[in-house]
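>>> One predicted model, sequence on top.
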Number of protein chains: 2
Amino acid sequence: MTISPLAERLFNFSAGPAALPVSVLEQVRDDLLLLPGAGVSVLEISHRSPAFLEILEATKSCLRSLLEIPENYQLFFLQGGSRLQFSMAPMNLYRSADASADYVLTGAWGNKALEEARKVGKTHVVWDAAETSYDRIPGEEDALEFSADAEYVHITSNETIHGVQLPATPPNTEAPVVCDCSSDILSRPMPIDQYGLIYACSQKNAGPAGVTMVIMRDDLLERSGANLPGYLNYREHAEANSLYNTPPTFAIYVMGLVAKWLQDEVGGLANMEARNREKAALVYDVLDESPDFFRGHARPNSRSQMNATFRLPDAECEAEFLKSAAAQGLTDLKGHRSVGGIRASIYNAMPREGVAALCSFMRDFRDRHAG
Amino acid sequence: MTISPLAERLFNFSAGPAALPVSVLEQVRDDLLLLPGAGVSVLEISHRSPAFLEILEATKSCLRSLLEIPENYQLFFLQGGSRLQFSMAPMNLYRSADASADYVLTGAWGNKALEEARKVGKTHVVWDAAETSYDRIPGEEDALEFSADAEYVHITSNETIHGVQLPATPPNTEAPVVCDCSSDILSRPMPIDQYGLIYACSQKNAGPAGVTMVIMRDDLLERSGANLPGYLNYREHAEANSLYNTPPTFAIYVMGLVAKWLQDEVGGLANMEARNREKAALVYDVLDESPDFFRGHARPNSRSQMNATFRLPDAECEAEFLKSAAAQGLTDLKGHRSVGGIRASIYNAMPREGVAALCSFMRDFRDRHAG
């Protein structure tokens, strides 16, 4: 069955849940009533059925290959999004009542992670860009002083609300690095062996909402205490191979299809990164052409390849921008309600054509509205 | 598009994830690339988009109507399944360090719930059918002695592994009744106002895996302490109208379609209960015809309308039964790995034809194998 996606579908710049590859959606649709080999829908199969176990292993295997996950790292799937991880990370990794962890704050999500860690124990803020409204990441001039006894160092690789992104290589610290990678996992290669724990909800680059990927170094699993709430114990999930309880089977299935798309159609994460850099450059070039009209939030060297955030001269102009964009099939460009302005989220599945259409619209809008 | 489900699809007796109504699957398929009015797939829409907010409200409204949820009860959606609820209920409802809760144990799931409560505080087991391998629910001869100061009384309305089910009307207690209703919610009417808190994962009667429904009496929300892990705080989710963080949008969407199916095609929960009673009676009649061959686990007055559990004369015969059934398109009849034997799960969406096919197979198998 052939459906022309561009004729009917809009370009969706939502920050998440976000655009998915059309070929993935088509396969989900075509197999929806009868998953090949299963005799029923993927929505109906038991999580312990051979059909689902095959999906689970194929998904894990593809993600391990794409991300080059070393053998001494576990990969498992949870529910509850990053919000649950904000609590699980400290609850599992703090080893004593007076332990402490370091947090690097580059935006709103890192702050929310910190808030949950503070309920668990002591924390130390190593760096915080609040003063400049989270418009930048730490640079070479910022000597980060990590605590000698930190249980871990927490970073947020990409901040969707503020539009800033850290490099794929994390800071060099003695304590294990814990990374909220929700909004840029699978968008570029990353040296997994330089991290201790990576968690990422799925609804940006990896699939639909409803599943959270966890990548954890083996030795850290030993920290999970037996008295933790069962569902919040990383070790339980790792030992049960994501079947501690019924996992979100459908979300894992779609994530597996997205991973396969990345492998087979995109050709891996290096290619994906090249595509993403090119798409982001298209948008940032428009900002840089007219910095008085399109007022980018992030400083150039801190810019996110995933979420371009900017303001227009005034709120009225922004409202007009959103309305005109929607009329041209460019949707969900409104900035997060906490900061306002415009945000174009251009994750993996946003095609270059969508970004080009946005840029063309932006230039046209500027030419009509710039003073 | 018309697809004959019976010609291709198997009858799936899985205990969950389980069969869904074919008309629901067809609608999911037909709208998969383009959700009407949204311009993109339901898998891609933001949880804060008008399209999703409409789905959320329609789903809530339909469930409220079906279950006749009183106005002083909140209805919201979480992730993590019942397992997370096993922890959340005590973590939210215990009001002091020396508080205690009562647990009624009618099977494996109640025991797992108890295990999590024991990590939180004191517990009191009011009744436990372990001695007779959980083959019965409390009867009139069992005078349940609830604690005077219990924070709540926990029950499990239906035990999927042992195949026993409590009546829809809970025990009359002073403390609020907390009910794990995961495997029989929406299968029959129930007096919500006699419960304090009801939680139910979706993958039996309500939808695909990945969403948990919570129904909670307003006053109990006041017990949720500010220092709880954010995602585990009922009050946060209730106040945020299930949008505390990104909810499992697709699972909620499908749950909404299932609720609509119950309302429009089945005609409500009283009709659903009548259908379920009839289907269960078909299976139990076969057991009662040949109690030496089909050895039902649950005592007749404790039988579940959802999961019929039984053994055959020996393990070899059971293996042959499962193999022959599968060859006839009757799948997932194996009992839970912890108890063995056979289990036929006949939730809402299992059609009468499927149950009739099973019964016909059972009689035939018996006639060929009974000594």
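That came through, no problem.

>>> Now for A:A270, how many residues are close by?
Here the number of neighbours of A:A270 (other Cβ atoms under 10 Å in any protein chain shown) works out to 10. C-beta coordinates here come from the backbone N, C-alpha and C atoms, glycine included.

>>> Help me confirm that it is found in a helix?
Yes - assessed by DSSP: H, G, I helix; E, B strand; the rest coil, A:A270 belongs to a helix.

>>> what's the burial count for the residue lying closest to A:Q27 once chain neighbours are set aside?
Nearest in space to A:Q27, with sequence neighbours left out and distances taken as Cβ to Cβ, 6 or more residues apart in numbering or on different chains, is A:L257 at 5.9 Å. Here the number of neighbours of A:L257 (other Cβ under 10 Å) works out to 23.

>>> What parts of the stretch 201-350 of chain A come near chain B?
A:201, A:203, A:208-211, A:227-232, A:244-251, A:254, A:329, A:331-332 (Cβ under 8 Å from any Cβ of the partner chain).

>>> circling back to that earlier point, just checking, the residue nearest to A:Q27 touches A:E26?
No - A:L257 is beyond contact range of A:E26, at 10.0 Å (criterion: Cβ atoms under 8 Å).

>>> all strands of chain A, in order?
Counting by DSSP state E, chain A has these strands, from start to end: A:11-12, A:73-78, A:100-105, A:122-128, A:153-156, A:158-159, A:164-165, A:177-180, A:197-201, A:212-217, A:295-296, A:307-311, A:330-331, A:342-345.

>>> quick one on the thing from earlier: the residues of the stretch 201-350 of chain A next to chain B, buried ones only, as a PyMOL selection?
Buried residues among those (16 or more other Cβ atoms under 10 Å in any protein chain shown), as a PyMOL selection:
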select buried, chain A and resi 201+203+208+209+210+211+228+229+230+231+232+244+245+246+247+248+249+250+251+254+329+331+332
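
>>> re earlier: let's have the strands of chain A in TSV, adding distance to A:I45 and mean pLDDT.
Below are the strands of chain A laid out as TSV (distance: least, Cβ to Cβ, whole Å; pLDDT from 0 to 100):
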stretch	distance to A:I45	mean pLDDT
strand A:11-12	29	96
strand A:73-78	16	98
strand A:100-105	40	98
strand A:122-128	42	98
strand A:153-156	35	98
strand A:158-159	34	98
strand A:164-165	37	98
strand A:177-180	31	98
strand A:197-201	23	98
strand A:212-217	21	98
strand A:295-296	47	96
strand A:307-311	35	97
strand A:330-331	33	96
strand A:342-345	32	98
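
>>> If I look at A:D31, what pLDDT would I see?
pLDDT recorded at A:D31 is 96.

>>> related to what we said a few turns ago, looking at the residues of the stretch 201-350 of chain A next to chain B, which are in helices?
The helices, defined by DSSP state H, take in A:249-251, A:254 from those.

>>> any weak-confidence spans in the stretch 1-150 of chain A?
Scanning the stretch 1-150 of chain A for pLDDT under 70 picks out A:1-7.

>>> burial of the closest residue to A:L197 other than its chain neighbours, as a residue count?
Spatial nearest neighbour of A:L197, chain neighbours left out: A:V178 (4.5 Å); criterion: Cβ to Cβ, 6+ apart. Residues contacting A:V178 under the criterion other Cβ under 10 Å number 29.

>>> show me the residues around A:V178 that make contact.
Neighbour list for A:V178: A:89, A:93, A:101, A:152-155, A:195-199 [criterion: Cβ atoms under 8 Å, 6 or more residues apart in numbering or on different chains].

>>> which among these gets closest to chain B?
A:A89 (10.8 Å; Cβ to the nearest Cβ).

>>> any idea how far that closest one lies from A:H154?
Distance of A:A89 to A:H154, computed by Cβ to Cβ, to the nearest Å: 7 Å.
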